[in-house]
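Colleague: Sequence plus predicted model, see below.
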Amino acid sequence: MLGYILRRIGMMIPTLIVISMLSFVIIQLPPGDYLTSYAMNLRQSGEEVDEVEIQNLRERYGLGQPVYVQYYKWMSGIILRGDWGQSMEWRKPVKDLIWERMALTVFLSLISICVSWFVAIPVGVFSATHQYSIPDYIFSALSFIGAGTPGFMIALVVMWVAMRQFGLNVGGLFSEEYILAPWSWDKFVDMLKHLWIPVIVIALDSTAGSIRTTRANVLDELNKPYVETARAKGVKEGKLVWKYPVRVAMNPFFSTVGWTLAGLISGQTLVAVVLSLQTNGPMMLRALRSQDMYLAGSFLFLLSVLTVIGTLISDVLLAWVDPRIRMEG
Amino acid sequence: MTTPEPQDKGRRISEHSRLEAEACPPLSEDMESLALLESEPVAESEEERLYVAGQWQLMWWKFRKHKMALVGGVILIILYIIGAFCEFVAPYDPEAYFIRYKMAPPTPVRIFDTTGKLQAPFIYHRDRSKDPETLRDIYTENPEIKYPIHFFVKGTPYKLWGIFETDINLFGLAPDIEDQGVFLLGADRLGRDLFSRLCYGARISLSIGLVGVFLSLALGIVLGGISGYYGGHVDTIIQRTIEFIRTIPTIPLWMALSAALPADWPVLRMYFGITIILSLVGWTGMARVVRGRFLSLRQEDFVLAARLSGSGEFRIIIRHMVPSFLSHIIASLTLSIPGQILGETGLSFLGLGLRAPAISWGVLLQEAQNVRSLAQAPWLLFSPAVAVVLTVFAFNFLGDGLRDAADPYAR
């Protein structure tokens, strides 16, 4: 098992290198040298430009030197010093800005996955065991609607309803007094109070898909002879379903954890913009709009790394539940 | 199928006889159910018909049983017609301002007058006044004055597809009425008719799905085909590339790439830029389908036979392999169009995709993003949202039906 995990981690490395290159290409995409435009913006707004500071930054990120030198400087900064570059717009190091946002992104995505499974697995199993019953049709219809409607539209509608019916602005993850406050227990509790709307909206998409997958997988299993045998031997129906077919039907789930996570992170970005959550979405959008490229590139890099890790976890989980995979080598 | 049927076999039989029943020549309603009961004598000729039917014929028989897919197809045809002829369908120019109708709610179109008599569609005269408290405009109908809605009416001149110059619109008020308007879906904050804008948006949003999928298909068939047909190192490289692209979260990647497109590009170039960005990710799914098909078909006897009788590689692919998986490709194409449409909508919604003066459903949604305007004028949000969701559903149903039909021999 350990060997398998190590091998998989080894396979991750080239992917990570290519991802870092791609993120760097995206940092480089906007035309011109952003330090120059940064200095120009400052001058236009009448602020004083510290020539020494600009020169230092130029030196540090190798601007004006060949691309591979710049890439090397950026990468070595990340690996050796945890330095992700400088955010031109916020005038802060990127590392001071992204970690809290990324932590919230991960937190939100994980909770959404848990919620979506918590709902999807029982519903899917029920739909499969009660195939073609009225609740099955209702669940199928609901999951179809959920899968077809993009999250950000649902978010907009939720906001409209909250505004219209309750006069509330449901945006954000915190009450106003906690937004800038340092983390504390109260802030955490406050966040939990705001969390449910975003979690429902984000989880809806993957819940719909998961219901359909569970239903199809369990249905496949239910028709197999071993179920018949167990039934003939008098195993109770509830135990029979949950202990054997459901367990086998879960395998595809584990193998898709990675994709689900990627999909969630991707969809969550848009929802976060609509609901102005304090996750990666709004900040990345703003960075892209103002061409604050180190910030935007770092986000893209980190989000991709998250997906790679998600895939790794799903592979490990799959190997853990299905011994055939880890034996294969 | 209404009865729960655990036995696979039983279902197959009933399905089979239903297929026969549907395929049999149209007798009459009750005769058909009779035929279902006593399918023995009919079966022979029916079976024969089933065997001699061509591939596309079988697919059509299978497809038309999928009612939702048919409905989806019809909805899509209507939507695409609206998109193609948007200048004709839209009653007004999408940029024309009606200053008196800023954020005006939808005009109620009536077919019953005050006495309850059925009439051709008409609208009442609308007066604008200000709410003394909220200072918002309110519109009241005056049932004294009626304006009939004319069909094929003269409106502002336009050039259909930039070629045919005409001024006929599908519907509208008589051309001499200037201070009134028929706003089926209300007006936006500048007093532009939302229905007209939605029609113009349909042209861009719907076509971007097709163009994007076409690009994805071209890339997917070439690369997936190479990958599946030749295998070996080429296959490994292409598969790694696909895996890599799929590792990057789609929406952040799209955001980053489209933010790099210069904001001052003209609409048309921006349109193609966005399409290319969308298909950069989209081709991977297509390539997987094509590769899978190639891998399984490569082993088939008819490919071997063609090779033994001296066909060239290219001929084998085009003449023998492509036709046998074309139906699958069409089905997965259909299923991947919504993703592209939603991609454009999302990007434009964020302000990173198409921008005004371009009109797409995403651009319209972006204009509705402001919460305050949302509370005052919900039609600004719901009209484009419903259009997008309707399109996505229609494509999903149609794609599901096509996918099932693509394999006519499966039960």
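Modeller: Structure's in. What do you need?
Colleague: So which residues of the stretch 101-250 of chain B form strands?
Modeller: Ranges of strands in the stretch 101-250 of chain B, per DSSP state E, counting those that start in this stretch, are B:110-112, B:118-130, B:137-148, B:150-160, B:164-172.
Colleague: Run through who's touching the first one.
Modeller: Spelled out, that is strand B:110-112. B:118-124 (Cβ atoms under 8 Å, 6 or more residues apart in numbering or on different chains). Any C-beta I mention is one placed from the backbone N, CA and C, and that applies to glycine too.
Colleague: where's whichever residue of the stretch 101-250 of chain B sits closest to chain A relative to B:R64, distance?
Modeller: For the stretch 101-250 of chain B and chain A, the shortest gap (Cβ to the nearest Cβ) falls at B:P249, measuring 4.1 Å. Distance, B:P249 to B:R64, using Cβ to Cβ, to the nearest Å: 40 Å.
Colleague: where does the stretch 51-200 of chain A have low pLDDT?
Modeller: The model of the stretch 51-200 of chain A has pLDDT under 70 over residues A:64, A:167-171, A:176.
Colleague: Flag every residue of it that's near chain B.
Modeller: Of all the residues in the stretch 51-200 of chain A, those in contact range of chain B (Cβ under 8 Å from any Cβ of the partner chain) are A:130-133, A:144, A:147-150, A:152-153, A:156-157, A:159-160, A:163-164, A:169, A:171.
Colleague: and the residue nearest the centre of chain A, what does it touch?
Modeller: Centroid-nearest residue in chain A, with Cα atoms, centre = their mean: A:I265, separated by 2.3 Å. Counting by Cβ under 8 Å, 6+ apart, A:I265 makes contact with A:105, A:109, A:303, A:306-307, B:249, B:252.
Colleague: And the residues you listed, which two are furthest apart?
Modeller: Spatial extent of the contacts of A:I265 (Cβ to Cβ) is set by the pair A:S109 and B:P252 at 12.9 Å.
Colleague: Give the next helix or strand downstream of the helix ranked longest in chain A.
Modeller: Scanning chain A for the longest helix, with DSSP state H as the assignment, gives helix A:185-222. Later in the chain than helix A:185-222, the nearest helix or strand by DSSP states H and E is helix A:225-232.
Colleague: and B:Y92, what element?
Modeller: Using DSSP H and E, B:Y92 sits within no helix or strand.
Colleague: wait, isn't it in contact with B:L185?
Modeller: No. Taking contacts as Cβ atoms under 8 Å, B:Y92 lies outside contact range of B:L185: 11.8 Å.
Colleague: Quick check: neighbours shared by these two?
Modeller: Jointly contacting B:Y92 and B:L185 under the rule Cβ under 8 Å, 6+ apart are B:D193.
Colleague: And the helix or strand A:F107 falls within, what does it pack against?
Modeller: Using DSSP H and E, A:F107 maps to helix A:94-129. Secondary-structure packing of helix A:94-129 (3 or more Cβ pairs under 8 Å, 6 or more residues apart in numbering or on different chains; DSSP states H and E): strand A:86-87, helix A:134-148, helix A:185-222, helix A:237-243, helix A:251-274, helix A:280-289, helix A:293-321.
Colleague: make it 10 Å
Modeller: Contact analysis of helix A:94-129 by 3 or more Cβ pairs under 10 Å, 6 or more residues apart in numbering or on different chains; DSSP states H and E lists strand A:86-87, helix A:134-148, helix A:185-222, helix A:237-243, helix A:245-249, helix A:251-274, helix A:280-289, helix A:293-321 as its packing neighbours.
Colleague: residues in contact with the nearest residue to B:M59 once chain neighbours are set aside?
Modeller: Leaving aside its sequence neighbours, B:M59 sits nearest to B:A405 (Cβ to Cβ, 6 or more residues apart in numbering or on different chains; 4.5 Å). B:A405 makes contact with B:56, B:58-66, B:69, B:327, B:330-331 under the criterion Cβ atoms under 10 Å, 6 or more residues apart in numbering or on different chains.
Colleague: Average pLDDT for the helix or strand containing B:A331, rounded please.
Modeller: Using DSSP H and E, B:A331 sits within helix B:322-350. Helix B:322-350 carries an average pLDDT of 84.
Colleague: is whatever helix or strand comes next after that helix anywhere near chain A?
Modeller: Heading C-terminal from helix B:322-350, the first helix or strand you meet, by DSSP H and E, is helix B:361-367. Yes. Interface with chain A: helix B:361-367 contributes B:L365 (Cβ under 10 Å from any Cβ of the partner chain).
Colleague: on contacts alone, who are the packing partners of helix B:361-367?
Modeller: Counting by 3+ Cβ pairs under 10 Å, 6+ apart, helix B:361-367 packs on helix A:151-166, helix B:194-230, helix B:322-350, helix B:379-405.
Colleague: Give me the buried positions along the first one.
Modeller: For helix A:151-166, the buried set under the neighbour-count rule, 16 or more other Cβ atoms under 10 Å in any protein chain shown, comprises A:151-160, A:162-163.
Colleague: Adding distance to B:L210, write the residues you listed out as a markdown table.
Modeller: Output for these, formatted as a markdown table (distance: Cβ to Cβ, whole Å):
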| residue | distance to B:L210 |
| --- | --- |
| A:G151 | 24 |
| A:F152 | 23 |
| A:M153 | 22 |
| A:I154 | 26 |
| A:A155 | 28 |
| A:L156 | 26 |
| A:V157 | 27 |
| A:V158 | 31 |
| A:M159 | 32 |
| A:W160 | 31 |
| A:A162 | 36 |
| A:M163 | 36 |
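Colleague: export stretch A:61-68 as PDB, just CAs?
Modeller: This file holds the C-alpha atoms of stretch A:61-68, laid out as PDB (Å, rounded to 0.1, in the frame of the first residue of the first chain):
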ATOM      1  CA  TYR A  61      11.400  38.700  -9.900                       C
ATOM      2  CA  GLY A  62      14.000  39.000 -12.700                       C
ATOM      3  CA  LEU A  63      11.900  41.300 -14.800                       C
ATOM      4  CA  GLY A  64      13.500  42.200 -18.100                       C
ATOM      5  CA  GLN A  65      15.500  39.000 -18.000                       C
ATOM      6  CA  PRO A  66      14.600  36.000 -20.200                       C
ATOM      7  CA  VAL A  67      11.400  34.100 -19.400                       C
ATOM      8  CA  TYR A  68      13.100  31.000 -18.000                       C
END
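Colleague: Need the pLDDT of whichever residue of the stretch 51-200 of chain B sits closest to chain A.
Modeller: Here the stretch 51-200 of chain B gets closest to chain A at one residue, B:M68, 9.6 Å apart by Cβ to the nearest Cβ. Looking at B:M68, its pLDDT stands at 81.
Colleague: now swap in the one 4 residues further on and tell me
Modeller: Per-residue confidence (pLDDT) for B:G72: 87.
Colleague: just the one 3 residues further on next, same as before
Modeller: B:I75 carries a pLDDT value of 90.
Colleague: tell me which element it is part of?
Modeller: Using DSSP H and E, B:I75 sits within helix B:67-84.
Colleague: any idea which residue of chain B is furthest from its center?
Modeller: Computed with Cα atoms, centre = their mean, the residue of chain B farthest from its C-alpha average is B:P132, at 44.7 Å.
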